[in-house]
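Engineer: Structure of the sequence below:
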Amino acid sequence: MCQQSCIYLGEDVLRSWEGAMRRERSPLARELFGLAIRNALLAWEKRLPLCQDTGQMVVWVKLGQEVQIVGGSLEEAVNQGVEDGGRAGHLRQSVVTDPFFRRYAGSYGPAVIHYRITPGDSCQLLVLPNGCGCEQVGIAKHFPPFEERDKVVATVLEQIKAAGSRSCPPTVVGVGIGGNLEQSAYMAKRALLRPIGQPHSHLSDLERRILEEANQLNIGPQGVGGSNSALAVHIVSGPCHRANLPVAVAFNCYLSRRRSLVLQDNEPLPKPNPAVYEKLQELAPTRGWEGIPISTPLTREAAEKLRAGDKVLLSGVIYTARDAAHRQLFEVISQGEELPFNPRGQLLYYVGPAPAPPGEVLGSAGPTTSYRIDPYTPALLKRGLAGTIGKGMRSQEVMEAMREYKAVYLATLGGAGALLSQCIKEAEVIAYPELGPEAIFKLRVEDFPAIVAIDLAGRSLYQ
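Structural biologist: This next block holds a predicted model:
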């Protein structure tokens, strides 16, 4: 289930993409949907994760009260399945075992496990790979008991707008209403498990209203503007204290990865529906990404010609670094020591790739959310870094540093790790191998697709 949820696009998700593409007015947003379809096809054909962030697995166990688990611990079995599936599927090891001492341990788990005791004699498992971009923009709030529905709608829309490009829109939005602090957050996350297209029994009008208003925000795919900021809004509601109205919001990206299974004796996990693959082939664009060819190292002359919104195809050497590597680079700069590579004229890609399956240079290698790297970026720009590659908006401080040091910011498609990995022709770890996927790589890329998100003049595609 861990492997299937990360590799194969769900049938309901594909149907939602079809509807979104019909509604989409922005030519650039439609092209991004085209890249997403090509990525899903490649993931299916090469058995690569759709996105390099294969997340921390969240597992729901719905256990019938007449079921008896024998032969060992259910929790240990789930966590062993997460480890075995992660290794067999070449998923990325994203879990640290301590939130402060964040040593890379090479672990896929433990999973976050929720148990529900239900009537009957069946056992259902539901798996959701919990990516960080979506996780970091979830919220839980309390309101007085008699707030109108307008307040709930405004709260959800406010959070969708605040999340912006960070959650890889168009998102599936889960809303938990009722319960208490932890229950509302649990219900919001549980809402993400519902197949797209299945409305709430009596709050479907509220779901529809929030979705319609969300899609008027012009966030669009990847935050570049468009008619689709959300694919669906799902509400789960429950009883609450008469003096309280808890509301929580959770997000799943446009891939909406998840799998469910009712365990039956000796029956294997059903294979993904081949009709989804056939439909992806039918929808795949016949033309590739047509962009301005750019060679690296990036010269000032070439950078000056770029404008926010330009599509580009990168070829040459680029370097990678994520959160942990940036922290070490920052310490090196603070101590006045030499960096492990000369940043002058180079592009730095914010990526922590999945491990390479046999026959591949790297595993899935899509961008991570750039705002987390913002505190470290000005120091590297001062050292001569010509630009960065990631996804999502940058802080005002970074934008000012980019204007001062004449650097560009390129955005590429979040959640397209399989597609982008095929543009990487060579990969070599050059620093901090102890960080695992967060080590610094030297990559040689060919026709790597990206968009100029912020140009040398400070013009931003996101604004």
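
Engineer: Quick check: buried residues in stretch 120-134?
Structural biologist: By 16 or more other Cβ atoms under 10 Å, the buried positions in stretch 120-134 come out as 123-134. C-beta: built from backbone N, CA, C; applies to glycine.

Engineer: What about those residues, which are in strands?
Structural biologist: Residues of the buried residues of stretch 120-134 located in strands (DSSP state E): 123-130.

Engineer: List the buried residues of stretch 107-114.
Structural biologist: Buried, per 16+ other Cβ under 10 Å, within stretch 107-114: 107-111, 113.

Engineer: how about the residues you listed in TSV, adding secondary structure and pLDDT?
Structural biologist: Below are the buried residues of stretch 107-114 laid out as TSV (DSSP: H, G, I helix; E, B strand; the rest coil; pLDDT from 0 to 100):
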residue	secondary structure	pLDDT
Ser107	strand	83
Tyr108	coil	90
Gly109	coil	89
Pro110	coil	94
Ala111	coil	96
Ile113	strand	97
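
Engineer: what about stretch 219-229, how long is it end to end?
Structural biologist: One end of stretch 219-229 sits 5 Å from the other (Cα to Cα, to the nearest Å).

Engineer: Can you tell me what sits against it?
Structural biologist: 20, 23-26, 28-29, 32-33, 36, 160-161, 164-166, 168-171, 214-215, 217-218, 254, 391-393, 411, 413-414, 451, 453, 461-462 (Cβ atoms under 8 Å, 6 or more residues apart in numbering).

Engineer: Off-centre distance for that stretch?
Structural biologist: 15 Å (Cα atoms, centre = their mean, to the nearest Å).

Engineer: One more: stretch 143-156?
Structural biologist: Centroid displacement of stretch 143-156 relative to its chain, using Cα atoms, centre = their mean, is 28 Å.

Engineer: Also stretch 111-131?
Structural biologist: Between the centre of stretch 111-131 and the centre of its chain there are 22 Å (Cα atoms, centre = their mean).

Engineer: now the helices for the stretch 251-400 of the chain?
Structural biologist: 274-283, 300-304, 323-334, 377-382, 396-405 (DSSP state H, counting those that start in this stretch).

Engineer: out of those, nearest to Lys189?
Structural biologist: Checking those against Lys189 by Cβ to Cβ gives helix 323-334 as the closest, at 23.5 Å.

Engineer: Show me just the buried residues among the contacts of stretch 219-229.
Structural biologist: Among those, those scoring as buried are 20, 24, 26, 28-29, 32-33, 36, 160, 164-166, 168-171, 214-215, 254, 391-393, 411, 413-414, 451, 453, 461-462 (criterion: 16+ other Cβ under 10 Å).

Engineer: show me where the stretch 151-300 of the chain has strands.
Structural biologist: With DSSP state E, counting those that start in this stretch, the ranges of strands along the stretch 151-300 of the chain come out as 171-179, 230-240, 245-252, 259-262, 292-295.

Engineer: Run me through the strand neighbours of the fourth one, direction for each.
Structural biologist: According to DSSP bridges, strand 259-262 has the following sheet partners: strand 123-130 (antiparallel).

Engineer: which helices and strands sit right next to whichever strand in the chain runs longest?
Structural biologist: Using DSSP E, we find that the single longest strand of the chain is strand 440-454. Here strand 440-454 touches strand 311-320, strand 408-411, strand 424-431, going by 3 or more Cβ pairs under 8 Å, 6 or more residues apart in numbering; DSSP states H and E.

Engineer: if we can go back for a sec, and of the strands of the stretch 151-300 of the chain, who's closest to Gly197?
Structural biologist: Closest of the strands of the stretch 151-300 of the chain to Gly197 is strand 230-240, at 7.5 Å (criterion: Cβ to Cβ).

Engineer: Check which residues of that closest one are buried.
Structural biologist: Neighbour-count burial for strand 230-240 [16+ other Cβ under 10 Å]: 230-237, 240.

Engineer: TSV please, covering the residues you listed and showing distance to Trp289 and pLDDT.
Structural biologist: Output for those, formatted as TSV (distance: Cβ to Cβ, whole Å; pLDDT from 0 to 100):
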residue	distance to Trp289	pLDDT
Ala230	25	98
Leu231	23	98
Ala232	27	98
Val233	31	98
His234	32	98
Ile235	37	98
Val236	39	97
Ser237	43	96
Cys240	49	95
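
Engineer: For these, work out which two are farthest apart.
Structural biologist: Most distant of the buried residues of strand 230-240, by Cβ to Cβ, are Leu231 and Cys240, 27.8 Å apart.

Engineer: Asp447 contacts Gly316, doesn't it?
Structural biologist: No: counting by Cβ atoms under 8 Å, Asp447 does not reach Gly316; the two are 10.9 Å apart.

Engineer: got any residues that touch both of these two?
Structural biologist: By Cβ under 8 Å, 6+ apart, no residue touches both Asp447 and Gly316.

Engineer: returning to what we had before: out of the buried residues of strand 230-240, the closest to Val332 would be?
Structural biologist: Taking Cβ to Cβ as the measure, Val332 lies nearest Ala230 of the buried residues of strand 230-240, at 41.3 Å.

Engineer: related to what we said a few turns ago, with distance to Ser364 added, can I get the strands of the stretch 151-300 of the chain in CSV?
Structural biologist: As requested, the strands of the stretch 151-300 of the chain are arranged in CSV below (distance: least, Cβ to Cβ, whole Å):
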stretch, distance to Ser364
strand 171-179, 20
strand 230-240, 21
strand 245-252, 18
strand 259-262, 18
strand 292-295, 23
